[in-house]
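Peer 1: with the sequence up front, the predicted model follows.
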Amino acid sequence: METFKVKAYGTQAADKDLELMNINRRQLLAEDVEIDILYCGVCHSDLHTARNDWKGTTYPAVPGHEIVGKVTAIGSKVTKFKIGDLAGVGCIVDGCPHCKEEQYSADGFTSTYNSPDIHLGGTTFGGYAEKVVVKESFVLKVPDNLELSAVAPLLCAGITTWSPLRHWNVKEGDHVAVVGLGGLGHMAIKLAVGLGAKVTLFSRSTGKVDDAKQLGASDVVISTDEVQMNKVANTFDLIIDTVPYNHDVNPYVTTLKTSGTLVMVGYLGELYPTLNTAPLVMGRKSVAGSVIGGIAETQEMLDFCGEHNIVSEVEMINMQDINEAYERMLKSDVKYRFVIDMASLKNS
Ligand code: NAP
Ligand code: ZN
């Protein structure tokens with residue numbers, strides 16, 4: 001298959017920094033859209049992948065799945081986009097055409113990065129690059145009334161929190177809690193508030209109280225303070241837990257109402273201390289999980305954000321600052337999503 005080269009940032013090994021490299025993109029197939037990437041958000045999953053935290057990374061790895069840009073070329077059968085349109089690409093670039101929720105397809109799906117590339121061999125490369133080529137049915141329409149750089153994080157942080165809010169049918173008057181105020185956490189607050197819920201933030205960080213309230217939370221509970229935790233026992237219909245590392249989930253379960261659900265979106269792995277089932281049994285409570293969101297649901301979320309003027313709080317960085325940004329993300333030192341200005345890569 002014919003290819004063309006673009007500049008990208010990726011890493012050759014788990015213990016190496018990301019660096020400038022050239023990667024191949026396929027020449028357009030009939031249903032493909034070529035997007036000139038203007039901004040790409042920096043998700044904690046990018047860091048997990050670059051550093052092989054989940055043990056499945058193939059190198060070189062080029063992360064990035066919060067992509068927005070402009071369409072620069074279209075294949076002969078493309079109908080949804082024309083040259084010059086705004087376009088978004090999230091976590092999925094190919095998958096089952098029949099599954100409404102591609103992310104749960106029994107046949108799997110192609111992730112934007114670190115998935116087998118069915119066209120070129122090797123693995124897929126993500127959005128830390130000048131351009132990307134994606135089948136049009138996996139490309140999203142971006143509302144044109146929103147600040148484009150602040151839209152990028154909606155493509156992962158937005159949809160990953162929107163999907164459980166919708167699945168568990170959050171509505172006006174429900175009480176939702178969010179654990180962790182980072183990229184996913186701040187979008188969870190904004191989206192839950194947008195759906196009419198009352199929102200409480202659980203945070204380890206005392207310094208985020210004012211920010212959380214500005215984002216729309218009505219309360220902040222410092223999760224390390226037992227007195228504050230006890231005060232919110234039996235309070236929440238739904239908790240979205242965005243913490244990326246193992247942590248004790250039991251204290252949060254006690255804050256669920258009868259029949260409430262705690263949804264893990266941040267941590268993949270075994271929990272310790274182990275989960276005490278007594279509060280689950282006695283209160284018909286659930287601990288669940290959720291992964292990203294399908295294409296139709298992502299479009300629904302983007303349209304909702306367009307109508308409600310919801311975008312991410314972003315700190316713009318240059319591509320060359322990515323390694324430092326990863327270190328800062330590990331210290332929760334970002335308000336609240338790094339977004340790469342891709343002009344910095346093009347001009348490098
Ligand atoms: P992030 O911006 O780094 O935010 C994570 C937040 O969790 C931090 O701001 C911090 O909030 C809290 N936190 C961090 N380390 C912690 C620790 N050791 N113990 C307790 N709290 C901690 O990360 P993100 O981009 O939002 O991603 C969050 C997680 O979701 C990552 O693991 C990512 O890979 C995963 N993810 C999952 C999906 C999915 O489909 N399920 C999609 C995207 C991302 P406070 O300072 O407020 O405590
Ligand atoms: Zn992500």
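Peer 2: Everything's here; your move. Ligands and ions are numbered 1, 2, ... in the order given.
Peer 1: show the backbone phi and psi for residue 200.
Peer 2: The phi/psi pair for residue 200 (degrees, to the nearest 10) reads phi -120, psi 140.
Peer 1: one more: residue 273?
Peer 2: Per degrees, to the nearest 10, the backbone of residue 273 is at phi -50, psi 150.
Peer 1: show me what contacts it?
Peer 2: If you count contacts by Cβ atoms under 8 Å, 6 or more residues apart in numbering, residue 273 has them with 248, 250. In this view, the C-beta of every residue, glycine as well, is placed from N, C-alpha and C.
Peer 1: test for you: state the pLDDT assigned to residue 347.
Peer 2: With respect to pLDDT, residue 347 has a value of 87.
Peer 1: again with residue 214
Peer 2: Predicted confidence (pLDDT) for residue 214: 98.
Peer 1: stretch 281-290: end-to-end distance?
Peer 2: In stretch 281-290, first residue to last residue: 21 Å (Cα to Cα, to the nearest Å).
Peer 1: ditto for stretch 196-210
Peer 2: Stretch 196-210: ends 20 Å apart by Cα to Cα.
Peer 1: chain center to that stretch, what's the gap?
Peer 2: Computed by Cα atoms, centre = their mean, to the nearest Å, the chain-centroid distance of stretch 196-210 equals 19 Å.
Peer 1: ok, that stretch near ligand 1 or not?
Peer 2: Yes. Contact of stretch 196-210 with ligand 1 (Cβ under 6 Å from any ligand atom) involves 203-205, 208.
Peer 1: so the nearest residue to residue 112 once chain neighbours are set aside, which of the three states?
Peer 2: Nearest residue to residue 112 in three dimensions, chain neighbours excluded: residue 65, at 4.1 Å (Cβ to Cβ, 6 or more residues apart in numbering). What DSSP: H, G, I helix; E, B strand; the rest coil gives for residue 65 is coil.
Peer 1: give me the number of residues near residue 65?
Peer 2: 27 (other Cβ atoms under 10 Å).
Peer 1: can you check residue 298 too?
Peer 2: Using other Cβ under 10 Å, the number of residues around residue 298 comes to 28.
Peer 1: what does residue 41 give?
Peer 2: For residue 41, using other Cβ under 10 Å, the count is 29.
Peer 1: how near is the nearest residue to it once chain neighbours are set aside to residue 277?
Peer 2: The shortest distance from residue 41 to any non-neighbouring residue, by Cβ to Cβ, 6+ apart, is to residue 66 (2.9 Å). The gap separating residue 66 from residue 277 is 36 Å, by Cβ to Cβ, to the nearest Å.
Peer 1: can you say which of the residues of stretch 196-210 next to ligand 1 are buried?
Peer 2: Using 16 or more other Cβ atoms under 10 Å as the burial test, the residues of stretch 196-210 next to ligand 1 include 203, 205, 208 as buried.
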